[in-house]
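Trainee: got a predicted structure plus its sequence, pasted below:
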Amino acid sequence: TGIFETDITGLDAGTTYYVRAYAKNSAGTAYGTAISFTTEKVYKPSVITVEVTNISYTSATITGKVTADNGACTYSPLQYWAAGYNYQFEAVAPVVGDNLTVAAAETGSTLTFTSDSKTDLIWARPEVISYPKATETAPAPVPGPVQLTFEHLLSRVMFQVHNYFPEGAAAKITVTDLKIVGAVSQATLTPAATDREWAPVADQVADVVFETSKLVDIPAGKGVAATEHQYMIPADLTKVTFKVKLDQAGIVNEYDHEIELSGENVDPNAFLAINRSLRINIVLKPENIDPENALYPIEFTADVLAWN
């Protein structure tokens, strides 16, 4: 008989335990009433180890490769939220490689892009995300996925060719060798900058060649055909060159065209800009299909001589 106490150690936090006292002598063992108690929850911040660079007191720069499939993203190497840090994510596609380099910075990365005219360049930067530490009364929140909403950083350009010869005319038009001459092929940009603008790299220019397989035998009477889009670094355009073949029922003539993309030749709103899609119309008609001379239709007059 009497009062006794003992310490129970090594228990897990936030766990319910059931205990009861017992006494043992030569007559046997007697058990007391069972009681239960729950240990107090203790919230601890997550602890992880990752490879990071450019560490400051509340921020770090980490890099990884994200693969998106129907909106769901996976990436490697896997990283975990660290409580007490601020996160500023940037995402860019295509992946860093031969045509794209990224100089990471907390205020916003600078991209250097080399265009092959086939590859789009997209970029996303969500708002800063603060991941708080746990407190004595509340755990760290369960974070949701980071929403990446991408925007296009290039312009895309297509051509549409119109045959404005009169309907019914024997005048089929085919366009070949269509290209924009001397386009900027390499430039740098800091997408997060408020006054962002592509800065061309000196002497890095190339022609942008358009596939013309669909610009064949465009019929007279406002027939129309178009190229696919090409992607271009936003910069001033120079000129367009192309060849036109006019087929008049087997009589074929070819004409070389060179059009300056400036001044009164172009709509003042038709310039390249970030996230702008541009369609350039080429309207060919008897008055301009030959760059040097207008074409004139063959006309007839008729008189009938009187009978003898």
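Mentor: Cool, got the structure.
Trainee: which residues are contacting whatever helix or strand Glu258 lives in?
Mentor: Assigning secondary structure by DSSP states H and E places Glu258 in strand 251-260. By Cβ atoms under 8 Å, 6 or more residues apart in numbering, the residues outside strand 251-260 that reach it are 238-246, 265, 289-291. Placement of C-beta: from N, CA and C, glycine included.
Trainee: could you find the closest non-adjacent residue to Gln147?
Mentor: Nearest residue to Gln147, sequence neighbours excluded (Cβ to Cβ, 6 or more residues apart in numbering): Pro126, at 6.1 Å.
Trainee: I'd say that neighbour and Phe89 touch.
Mentor: Yes. Contact criterion Cβ atoms under 8 Å: Pro126 and Phe89 qualify, at 5.7 Å.
Trainee: and stretch 274-288, end to end?
Mentor: By Cα to Cα, to the nearest Å, the extent of stretch 274-288 from end to end equals 33 Å.
Trainee: what are the contacting residues of it?
Mentor: Outside stretch 274-288, the residues that touch it by Cβ under 8 Å, 6+ apart are 151-165, 173, 175, 196, 198, 226, 229, 234, 240, 242, 244, 270-272, 294-297.
Trainee: what about the longest strand in the chain?
Mentor: In the chain, taking DSSP state E as the definition, the longest strand is strand 172-184.
Trainee: tell me the first helix or strand C-terminal of that one.
Mentor: Next in line after strand 172-184, if elements are assigned by DSSP H and E, sits strand 186-189.
Trainee: so which residues make contact with that following strand?
Mentor: With Cβ under 8 Å, 6+ apart as the test, strand 186-189 has contacts from 110-115, 153, 196-201, 204, 233, 235.
Trainee: quick one: low-confidence ranges for this structure?
Mentor: Residue ranges of the chain with pLDDT under 70: 1-7, 12-14, 36-72, 262-270.
Trainee: the helices in it, which residues?
Mentor: Counting by DSSP state H, the chain forms no helices at all.
Trainee: give me the buried subset of the contacts of strand 251-260.
Mentor: 240, 242, 244-246, 289 (16 or more other Cβ atoms under 10 Å).
Trainee: now for the residues you listed, which pair is the farthest apart?
Mentor: Using Cβ to Cβ, the buried ones among the contacts of strand 251-260 span at most 18.5 Å, a distance reached by Val240 and Leu246.
Trainee: one step back: what residues do Pro126 and Phe89 have in common as contacts?
Mentor: Jointly contacting Pro126 and Phe89 under the rule Cβ under 8 Å, 6+ apart are 146, 148.
Trainee: now do the same end-to-end measure for stretch 105-123.
Mentor: 15 Å.
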